[in-house]
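Chemist: task: produce atomic coordinates for the following.
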Amino acid sequence: MIDIIGYDIETVKQILDKNNIKYKIVITEPVKHYKGYQKRVLKTKFEEGILSVIVAEF
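Modeler: Take a look at the predicted model:
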């Protein structure tokens, strides 16, 4: 398995596309009114053969 935790979301998309992995990106909402400039992977999990990539803004 490819370790993608902590990677930038655009890099993760390229890695997963290159390896022909089906994925779904879930972007979490910040608690406060905060707009970050980096989108990083926090967690991954498989659901029905599709990799869910959970992303947060920093």
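Chemist: could I get the CA-only coordinates of stretch 6-20 as CSV?
Modeler: In CSV, the C-alpha atoms belonging to stretch 6-20 read as follows (Å, rounded to 0.1, in the frame of the first residue of the first chain):
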residue,chain,number,x,y,z
GLY,A,6,0.4,14.1,5.1
TYR,A,7,0.9,14.6,1.4
ASP,A,8,-0.5,17.5,-0.6
ILE,A,9,-3.8,16.6,-2.3
GLU,A,10,-2.6,17.3,-5.8
THR,A,11,0.4,15.0,-5.3
VAL,A,12,-2.0,12.3,-4.0
LYS,A,13,-4.3,12.6,-7.0
GLN,A,14,-1.3,12.0,-9.3
ILE,A,15,-0.1,9.0,-7.3
LEU,A,16,-3.5,7.4,-7.2
ASP,A,17,-4.2,8.0,-10.9
LYS,A,18,-0.8,6.6,-11.9
ASN,A,19,-1.5,3.4,-9.9
ASN,A,20,-5.1,3.1,-11.3
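Chemist: now for the spatially closest residue to K22 that is not a sequence neighbour, how many residues are close by?
Modeler: Take K22 and drop its neighbours on the chain: the residue closest to it by Cβ to Cβ, 6 or more residues apart in numbering is I50, 4.9 Å away. Quick note: C-beta positions are derived from backbone N, CA and C, even for glycine. By the criterion of other Cβ atoms under 10 Å, I50 has 12 neighbours.
Chemist: ok, I50 touching L16?
Modeler: No - under the criterion of Cβ atoms under 8 Å, I50 makes no contact with L16, lying 10.9 Å away.
Chemist: please enumerate the shared neighbours of the two.
Modeler: Taking Cβ atoms under 8 Å, 6 or more residues apart in numbering as the contact rule, I50 and L16 both touch Y23.
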